[in-house]
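Student: Here is my input, please return the structure:
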Amino acid sequence: MKLLIAAVGTRMPGWVEQGYAEFARRMPREMPMELIEVKAEPRTTGKPLAALLAAEAARLDNALPARCRRVVLDEKGSDVTTQGLSQRLEKWLGGGEDVAFLIGGPDGLDDSIKRQAAETLRLSSLTLPHALVRVLLAEALYRAASLLKGHPYHRD
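Tutor: Modelled structure (predicted):
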């Protein structure tokens with residue numbers, strides 16, 4: 001099973017790329033993590049927000065494998081603990097499908113993408129910059145995978 005982090009936005013600051021790369025490098029072989037970046041629509045074109053989000057949704061949709069479990073990250077999603085995420089990883093690993101975590105751009109994700117998702121999770125009740133979400137998600141997935149492997153990374 002491959003874990004895909006599909007995110008709107010390219011050319012992130014170096015600290016974002018370094019943080020993501022560090023946790024991706026640490027992932028176990030049976031759960032490699034891959035970042036898929038899609039271009040954000042320019043916000044200066046005068047297009048309505050719905051058109052911008054629809055264009056980004058089409059890019060995300062085209063960038064993902066035809067068959068994968070889609071998990072949307074959204075501030076209105078379900079809370080999940082590290083233990084809960086680890087249990088989900090174990091279940092998904094048994095299912096054999098790749099899992100794609102979708103991160104929106106500055107204005108979030110189009111409703112069409114949200115409707116296609118198998119589930120919607122949130123990392124925090126706080127509003128987080130979309131660039132930071134990549135690093136936080138990568139760390140959370142690494143921590144959850146570590147629990148599955150029996151590593152004492154997580155301390156109760």
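Student: looking at this, A140 is in a helix?
Tutor: Yes. Assignment of A140 by DSSP: H, G, I helix; E, B strand; the rest coil places it within a helix.
Student: I figured it hits T81, correct?
Tutor: No. Taking contacts as C-beta atoms under 8 Å, A140 lies outside contact range of T81: 10.1 Å. The C-beta positions use only the backbone N, C-alpha and C, and glycine is treated the same way.
Student: who has more neighbours, these two?
Tutor: Per other C-beta atoms under 10 Å, whichever of A140 and T81 has more neighbours is A140, with 18 against 10.
Student: Tell me the first helix or strand C-terminal of the lengthiest strand in the chain.
Tutor: The longest strand of the chain (DSSP state E) is strand 69-79. The helix or strand immediately downstream of strand 69-79 is helix 82-95, counting by DSSP states H and E.
Student: Now do the helix or strand that that next one is followed by against helix 82-95: the angle between them, please.
Tutor: Using DSSP H and E, the next helix or strand after helix 82-95 towards the C-terminus is strand 99-103. Strand 99-103 runs at 130 degrees relative to helix 82-95, counting by axes from the mean of the first three to the mean of the last three C-alpha atoms, to 10 degrees.
Student: For strand 99-103, name the packing helices and strands.
Tutor: Judged by 3 or more C-beta pairs under 8 Å, 6 or more residues apart in numbering; DSSP states H and E, strand 99-103 is in contact with strand 3-8, strand 69-79, helix 130-148.
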